[in-house]
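Asks: Structure of the sequence below:
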Amino acid sequence: MKLLKVLVAVLACASFVLAQEAAAPAAAAPAKAEKGAKKEATTVVTGTVVSVDAIANTIVVKAKKGEETISVETTTKIKSGKADVQLGDIKADAKVKVTCKMVDGKKVATQIVETPAAAPKAMKKDKAAAAPAAAPAAEPAAAPAAK
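Replies: Residues are numbered from 1 along each chain as shown. So this is what the prediction gives:
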């Protein structure tokens, strides 16, 4: 009788251990599937700012395909050149490059980069004209007259 109780106890423990080993790979499989999952698709919208609403956290950009309204989150990185700025610092008619992801069917900005405006051509010409010209080489002194 004691032998039967010991045998039942050993079989119960063995089945418990086997059940745990069988469950462990099944639990690990979803973790591997998440790692192999594709990253969210991102899109880039390049164009001119039509308007910025810092209260509603949106920016409207006029791109080649028309105007696009993009939501802006508090985690969105916003830069003007290399400097970090706030959404309200971006003005209309600024050139921007907005990296977006789709969330619930809406575009949400992950990064906004305002490109600095190029200097007007007139200013470039003025700078070239204002540059000091190289001084002409001095003429050699006249040789003394022979007597």
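Asks: From now on I want contacts and neighbour counts done on CA atoms only, so please keep to that.
Replies: Fine.
Asks: quick one: buried residues of the longest strand anywhere in the chain?
Replies: Ranked by number of residues, the top strand in the chain under DSSP state E is strand 66-80. By 16 or more other C-alpha atoms under 10 Å, the buried positions in strand 66-80 come out as 68-72, 76-80.
Asks: Please apply the same query to stretch 106-118.
Replies: Buried-residue list, stretch 106-118, by 16+ other C-alpha under 10 Å: 107-114.
Asks: Any idea which helix or strand in the chain has the lowest mean pLDDT?
Replies: Sorting the helices and strands of the chain by mean pLDDT, DSSP states H and E puts helix 121-130 at the bottom, at a mean of 60.
Asks: Which strands and helices lie in contact with the longest strand of the chain?
Replies: Strand 66-80 sits against strand 58-63, strand 106-115, with contacts defined as 3 or more C-alpha pairs under 8 Å, 6 or more residues apart in numbering; DSSP states H and E.
Asks: which residues touch Thr42?
Replies: 99-102 (C-alpha atoms under 8 Å, 6 or more residues apart in numbering).
Asks: before we move on, back to that, how about CSV for the buried residues of strand 66-80, with pLDDT and distance to Thr48 added?
Replies: Converted to CSV, the buried residues of strand 66-80 look like this (pLDDT from 0 to 100; distance: C-alpha to C-alpha, whole Å):
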residue, pLDDT, distance to Thr48
Glu68, 93, 10
Thr69, 94, 12
Ile70, 95, 13
Ser71, 95, 16
Val72, 95, 16
Thr76, 94, 19
Lys77, 95, 18
Ile78, 94, 15
Lys79, 94, 15
Ser80, 91, 14
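Asks: in the chain, what spans have low per-residue confidence?
Replies: 7, 13-14, 16-40, 117-147 (pLDDT under 70).
Asks: Tell me how many other residues crowd Val96.
Replies: Counted by other C-alpha atoms under 10 Å, the residues lying close to Val96 total 22.
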